[in-house]
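*Asks:* Generate a structure from the sequence data that follows.
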Amino acid sequence: MGQRPMGTKKVIITGVTHEANELTRKILQHFSSSVEVLVADEVYSSVQHPSLGQLDSDLLMNGRNLARYCQAEQVRLMIDASDPFDEEISEILYSAGLFSEIQRCTLVCPPWVLPSNARWLEVETLNAAIDILPRFSKRPLLSLPINVLEGLSRTEGIDPVLAMDQDDALTEQLAKLDKIILPRPYTPETEIEQFTTHEIDGLVCRNEGSEDALVRVVAALTLKIPIVMISRPPLVPGPAYNSIDGCLAWMESQL
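*Replies:* The predicted structure follows:
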């Protein structure tokens, strides 16, 4: 990236979510050349813009290191647009804000609210879900990231199936379970077909709030399959917005 004009304000956006991508695009459109946005490699490759810079991922390993970088580079704002379940990144940005006194906010998609007549409940952990599943499901689909599934400690009373986007490397315990490689793009029709073909009678997922993941939930609702959702961790203190417009308004008040 070339030399930026004098007076350019630096903004850090963390996360590789849909929200991070869309927020980055909107900021670059709205603030034009008056800001330089530093983002993760994946967002940098996806958006591509002269006012876009790459944020060294090593900086997101420690709040004090990130704070020192922000002070040295005169970063004006930090926006946490990471996955709502990525507690570590959120806590690092929060601590960096405390150390550096740089203003920070969170952008997060709202959680799903399912119909009152749906068969669903929320629990705090995967193993809590596993404990309750045998009451109403024998062959549940576990639609969860690999790092979450690695915390699976038992499967007594159920015959779970793993939902996967690709044939990822699995631990010895997970490799013993049945797997479904789900085709993209996700559609209710293909999801319903997979549920039916593999005799799925329950769904375990996280309350992500994203449109992609909602397709699987809609399929389960259509088939009247019970859903156990892992609830989100609480947000760190500070301003939080469920919309990009709200986040842009906050930025305007701070710059």
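*Asks:* Out of the helices and strands in this structure, which is least certain?
*Replies:* When the helices and strands of the chain are compared on mean pLDDT, DSSP states H and E, helix 172-175 comes out lowest with a mean of 85.
*Asks:* can I have that one written out in PDB, keeping just the CAs?
*Replies:* C-alpha atoms of helix 172-175 as PDB (Å, rounded to 0.1, in the frame of the first residue of the first chain):
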ATOM      1  CA  GLU A 172      -9.300 -40.300  17.100                       C
ATOM      2  CA  GLN A 173     -12.600 -40.100  18.900                       C
ATOM      3  CA  LEU A 174     -14.300 -37.900  16.300                       C
ATOM      4  CA  ALA A 175     -13.000 -40.000  13.400                       C
END
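*Asks:* how much space between the closest residue to Ile89 other than its chain neighbours and Ile181?
*Replies:* Leaving aside its sequence neighbours, Ile89 sits nearest to Ser82 (C-beta to C-beta, 6 or more residues apart in numbering; 4.5 Å). Every C-beta, even on glycine, is put in place using the N, C-alpha and C of the backbone. Distance of Ser82 to Ile181, given as C-beta to C-beta, to the nearest Å: 26 Å.
*Asks:* So between the two, which is more surrounded?
*Replies:* Neighbour totals were compared for Ser82 and Ile181, and Ser82 leads with 25 against 12 (other C-beta atoms under 10 Å).
*Asks:* Just say helix, strand or coil for the more buried one.
*Replies:* Classification of Ser82 using DSSP: H, G, I helix; E, B strand; the rest coil returns coil.
*Asks:* Can you tell me what sits against the least confident helix or strand of the chain?
*Replies:* With C-beta atoms under 8 Å, 6 or more residues apart in numbering as the test, helix 172-175 has contacts from 146, 149-150, 152, 162.
*Asks:* Kindly recompute the last result at 10 Å.
*Replies:* Applying C-beta atoms under 10 Å, 6 or more residues apart in numbering, the contact partners of helix 172-175 are 142, 146, 149-150, 152-155, 160, 162, 164, 168-169.
*Asks:* In the stretch 101-250 of the chain, where is pLDDT below threshold?
*Replies:* Residue ranges of the stretch 101-250 of the chain with pLDDT under 70: 167.
*Asks:* let's see 90
*Replies:* Applying pLDDT under 90 to the stretch 101-250 of the chain picks out residues 113, 116, 146-147, 150-156, 164-176, 180-188, 210-213.
*Asks:* the strands in it, which residues?
*Replies:* Assigned by DSSP state E, counting those that start in this stretch, the stretch 101-250 of the chain shows strands spanning 103-107, 120-123, 140-143, 161-164, 178-181, 202-206, 227-230, 240-241.
*Asks:* Contacts for the shortest one next, please.
*Replies:* Spelled out, it's strand 240-241. 19, 23, 79-81, 105-108, 246-250.
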